[in-house]
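In: just coords:
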């Protein structure tokens, strides 16, 4: 079920209006051409007179569900028409199964150490089966646990701390000191940090407690205090945590889109913090999250729609699988694809996150 956006129109449309609206939406999604009354007459489920079809098309246009572009005799769905189609019509159909290729995109028997590789692969797969832009966000670094810590002396006064997490993610942080650092101190610090922090959640408040040790010398204590932020201050909104699939295919397939909308989307892909902000709404929900046209913040992206679902473990959402494309997208396929991909990822990360 999608999250309705105040549609409030279910009681306004008669059954025959719903039938006509559904047919127009699905025909327009399939062909991209405005749908006229002559094209509707005689279609399955539309057994009323041509004059009635013309009247109901005009009525649906008056209500804001359809639009009449240019001088064409055909109609196209509006954002409101797509929203009604998704919330009031598709929800009556049995849920669509995700494409088979999505179900087999990840090998759940593999060692689950390289989660980022799996997320990138899935972003490509969901993009390929829908011809839309596939976007998968990774769990924030602090959701994983510390697997190993390295303390390396790069130069006499420069130390690098490398943290490897349970997901296979590797973070590096460099610290400069006022005076040369004893190589033995680095070796000791690496062993001490691994002993105390292995298995601990990254960024956990317990890090400070685990590193408390009365027997440490003043030099050892000061050295650890400098290095500790490498583990406790990982950025949960790291733009590298977004995996985008199908960008070249999307641009080739969606040439009909408004250039302003394309430019706005490409800008969001470059400024990935904007994209994270856009997807944040999906992370708080346990259902398919859908934004159509003008429902997406910013008028420049009004020709686009977004379908997303979150994945995670019990009682905790970790990231999202989403598709972005034109408002004239196959919503049934898009919703089934993100739902199936999110369920697959939830099973995949069970062994990594608790």
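Out: Yep, that arrived. Everything quoted here is computed from the prediction, not taken from an experiment.

In: State the distance from the closest residue to residue 66 other than its chain neighbours to residue 67.
Out: What sits nearest to residue 66 in space, not counting adjacent residues and going by C-beta to C-beta, 6 or more residues apart in numbering, is residue 75, at 4.1 Å. For every residue, glycine as well, the C-beta is placed using N, CA and C. Counting by C-beta to C-beta, to the nearest Å, the gap from residue 75 to residue 67 is 7 Å.

In: Common neighbours of the two, please.
Out: The contact sets of residue 75 and residue 67 overlap at residue 61 (C-beta atoms under 8 Å, 6 or more residues apart in numbering).

In: Please identify which of those two sits among more neighbours.
Out: Set residue 75 next to residue 67 and count neighbours by other C-beta atoms under 10 Å: residue 75 wins out with 25 against 15.

In: got a list of contacts for the helix or strand that residue 56 is a member of?
Out: In this assignment (DSSP states H and E), residue 56 forms part of helix 50-62. Helix 50-62 is contacted from outside by 13, 16-17, 20-21, 24, 37-38, 40-41, 46, 66-68, 75, 81, using C-beta under 8 Å, 6+ apart.

In: give the contact list for the residue nearest to residue 66.
Out: By C-beta under 8 Å, 6+ apart, the neighbours of residue 75 are 24, 34, 35, 36, 57, 60, 61, 66, 67, 68.

In: same thing but 6 Å
Out: 24, 35, 57, 66, 68 (C-beta atoms under 6 Å, 6 or more residues apart in numbering).

In: what's the spacing between it and residue 329?
Out: 18 Å.

In: What's the per-residue pLDDT of residue 316 here?
Out: We note a pLDDT of 79 for residue 316 in this prediction.

In: Ok, residue 38 next?
Out: Reported pLDDT for residue 38: 85.

In: Run a quick neighbour tally on residue 242.
Out: 22.

In: The one 10 residues further on too?
Out: Close neighbours of residue 252, defined as other C-beta under 10 Å, add up to 10.

In: What of residue 35?
Out: 24.

In: Ok, residue 297 next?
Out: Neighbours around residue 297, by other C-beta under 10 Å: 12.

In: Check the gap between it and residue 280 for me.
Out: Counting by C-beta to C-beta - residue 297 and residue 280 are separated by 11 Å.

In: Now residue 171. Nearest residue, chain neighbours left out?
Out: residue 163 (4.9 Å).

In: Okay, and the beta partners of the one you found?
Out: residue 149, residue 171 (DSSP bridges).

In: hang on, isn't it packed against residue 170?
Out: No. Using C-beta atoms under 6 Å, residue 163 makes no contact with residue 170, being 7.3 Å away.

In: Comparing these two, which residue is more hemmed in?
Out: residue 163 (22 against 13).

In: Now do stretch 201-209, average pLDDT.
Out: Here stretch 201-209 scores 71 as its mean pLDDT.

In: returning to that earlier point: quick one: pLDDT of the residue nearest to residue 171?
Out: At residue 163, pLDDT is 90.

In: How about the contacts made by it?
Out: Taking C-beta under 6 Å, 6+ apart, one finds 149, 171, 231 in contact with residue 163.

In: The second one: neighbour count?
Out: Counted by other C-beta under 10 Å, the residues lying close to residue 171 total 16.

In: Next one: residue 18 relative to residue 60, how far apart?
Out: 10 Å.

In: for whichever helix or strand residue 17 is part of, which positions count as buried?
Out: If you go by DSSP H and E, residue 17 is part of helix 15-31. Buried positions in helix 15-31, judged by neighbour count with 16 or more other C-beta atoms under 10 Å: 17-29.
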